[in-house]
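# sharing a sequence plus its predicted fold:
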Amino acid sequence: MTATLRSGAGDTRKRLLEAAESLFIECGYEAMSLRQITAKAHANLAAVNYHFGSKEALMQELLSQRLDRLNLERLQLLSNCEKQWPDGLGPAAVFGMLFIPAFRISHESVGGKSFMRLLGRVYSDRSPFILSYLQEHYRPIFGRFFEAFSRTLPQLPRNELGLRLHFGLKALSGILAGEDMQKLIDDLSMGETINDGELLARLISLISPILTAPFGSPEQIRVIEQVLELDNATALASKEAVAEPTGELNAAPSVLEWLKEGRLAL
């Protein structure tokens with residue numbers, strides 16, 4: 001094969017991977033099709049079969065290229081931190097070990113711009129293929145970090161810790177999948193000039209209380225039960241008001257009337 005042909009084949013392969021990543025971020029695994037991928041990559045179905053063999057194999061290569069390095073660096077950082085601080089750190093620091101390597105990669109000139117959204121989509125996508133891939137390829141990293149969190153929170157039963165981590169990581173994934181990194185940085189900066197340490201501390205501070213906040217304490221239950229009772233009374237009163245409208249309600253100006261008067265701005 002000549003150098004020109006090899007270059008052309010390499011370009012097609014790269015375009016297919018980039019198109020698959022863009023559609024996966026936007027739509028999720030189940031919603032994207034090979035036809036959409038090839039159209040976006042300006043290629044044909046034969047090219048997918050030639051380079052990858054199937055949609056599943058294409059996604060496996062994409063995820064491997066994008067996540068293998070990240071998770072290796074996460075494990076290395078965790079090991080180095082455990083050596084540096086043998087007495088342990090708090091749960092916020094362990095969240096930092098998960099997030100900081102991804103944040104660094106997101107600043108790289110090649111592929112960095114979309115990296116956080118890809119990561120968020122991976123961990124929030126519920127397709128059986130993605131869940132199976134993560135379980136098969138990244139079980140060791142899940143186990144290592146679970147044990148690290150467990151050491152920082154020895155008072156938590158393991159099943160409760162697992163539940164809290166599930167919700168914490170899902171919340172973080174939803175944030176990452178829904179916004180590009182610059183928008184997230186702007187939101188967290190709140191108009192201030194802050195460095196990366198402050199930025200990351202703010203993000204992690206929004207997530208880490210999920211691991212430490214009281215979990216259905218008697219006081220929490222009492223307050224929520226009071227709100228439930230008030231909600232029931234409010235719903236009943238609303239039904240009665242609808243069934244027997246008063247003159248006062250009938251006399252209230254409509255939204256359209258308020259708009260005409262300039263009292264509502266949409």
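That came in fine, so what should we check first? Numbering: from 1, shown residues only.
# identify the residue spatially nearest to Gly88, adjacent ones excluded.
Arg151 (5.6 Å; C-beta to C-beta, 6 or more residues apart in numbering). Every residue, glycine included, has its C-beta placed from N, CA and C.
# mind telling me what element the residue sitting nearest the centre point of the chain is part of?
Centroid-nearest residue in the chain: Ser173, 1.3 Å away (criterion: C-alpha atoms, centre = their mean). Counting by DSSP states H and E, the element that carries Ser173 is helix 158-178.
# compute the number of surrounding residues for the residue nearest to Gly88.
13 (other C-beta atoms under 10 Å).
# Leu176 too?
25.
# quick one: the helix holding Ser173 to chain centroid distance?
Taking C-alpha atoms, centre = their mean, to the nearest Å, one finds the center of helix 158-178 at 9 Å from the center of the full chain.
# angle of the helix or strand just after it against helix 158-178?
Heading C-terminal from helix 158-178, the first helix or strand you meet, by DSSP H and E, is helix 181-189. Put simply, helix 181-189 runs at 110 degrees to helix 158-178, going by axes from the mean of the first three to the mean of the last three C-alpha atoms, to 10 degrees.
# buried ones in helix 181-189?
Met181, Leu184, Ile185, Leu188 (16 or more other C-beta atoms under 10 Å).
# which residues does it contact?
Ser106, Lys113, Phe115, Met116, Arg117, Ile175, Leu176, Glu179, Ile194, Leu199, Arg202, Leu203 (C-beta atoms under 8 Å, 6 or more residues apart in numbering).
# in CSV: the residues you listed, plus secondary structure and pLDDT.
As requested, the contacts of helix 181-189 are exported to CSV (DSSP: H, G, I helix; E, B strand; the rest coil; pLDDT from 0 to 100):
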residue, secondary structure, pLDDT
Ser106, coil, 87
Lys113, coil, 82
Phe115, helix, 91
Met116, helix, 87
Arg117, helix, 89
Ile175, helix, 76
Leu176, helix, 74
Glu179, coil, 64
Ile194, coil, 91
Leu199, helix, 89
Arg202, helix, 92
Leu203, helix, 89
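# in ChimeraX, how would I select the buried members of these?
Entered in ChimeraX, the line below selects the buried ones among the contacts of helix 181-189, by 16+ other C-beta under 10 Å:
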select :106,115,116,117,175,176,179,199,203
